[in-house]
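Chemist: Quick one, structure for this:
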Amino acid sequence: MKNRALLMSASSEKSFCNWLYGLQTKFVSRKFLETCEDLNVKFRAVPLKFVVRKKRVEKEYFMFLPVDHLPLLNKDSSTFSEARNVDSGELLMNKIYPDQVIYNNITKFVTSNSEFPHLFKCTEILQLVCTREFMQLATERNLKCIDFIPIDGDFKYDAWGVSTRSANKV
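Modeler: Numbering: from 1, shown residues only. Here you go, the predicted structure:
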């Protein structure tokens, strides 16, 4: 998957299409779901109804729940700092993905060479990640409010948001 992975984040565009709710819940359009279906992405979609100024928004929106949650990091080739318990020194493990260590930062993020679905949640950074093919189709279909950040030699993850090009910087 070298140079094919892209982090998906909410765009800074000022419009109703802000699709990020909280830290992990994504609101998406029907067009986004159709893009996923065309690329055989596994997901669950929960229909939503929005009312703005006592008027129902006509466009269809859904809460997007990806089925695939996978590790992407090649630990042997990457540079990272794992989070540890201050008192015991033990590694902190993710409560959602119990086999996944929590990272303070990843300063060199080298992706695994495994095959991945076109869209999935990366367990190391807890963000949606897609392939270049997904990005191209989303761009062709003019999907709004999504930024694609390449996971390449310049990509850095900082759990505390200090990096200049960090995965959690939206």
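
Chemist: what is the residue nearest to the spatial centre of the chain paired to in the beta sheet?
Modeler: Nearest residue to the geometric centre of the chain (C-alpha atoms, centre = their mean): residue 128, 1.8 Å. Using DSSP bridges, the bridge partners assigned to residue 128 are residue 121.

Chemist: How far off centre is stretch 107-121?
Modeler: 11 Å (C-alpha atoms, centre = their mean, to the nearest Å).

Chemist: buried ones in that stretch?
Modeler: 109, 110, 111, 112, 116, 117, 118, 119, 120, 121 (16 or more other C-beta atoms under 10 Å). No exception for glycine: its C-beta is placed from N, CA and C like everyone else's.

Chemist: likewise stretch 119-135?
Modeler: Those would be 119-131, 134-135, for stretch 119-135 by 16+ other C-beta under 10 Å.

Chemist: Do you have the helices of this protein handy? List them.
Modeler: Counting by DSSP state H, the chain has helices at residues 30-38, 132-140.

Chemist: for those, which one sits closest to residue 104?
Modeler: In terms of C-beta to C-beta, the element of the helices of the chain nearest to residue 104 is helix 132-140, at 28.1 Å.

Chemist: ok now the closest one, how far from the chain's centre?
Modeler: Distance of helix 132-140 from its chain centroid, counting by C-alpha atoms, centre = their mean, is 15 Å.

Chemist: and it, what other elements does it pack with?
Modeler: For helix 132-140, the helices and strands in contact under the criterion 3 or more C-beta pairs under 8 Å, 6 or more residues apart in numbering; DSSP states H and E are strand 6-10, helix 30-38, strand 146-150.
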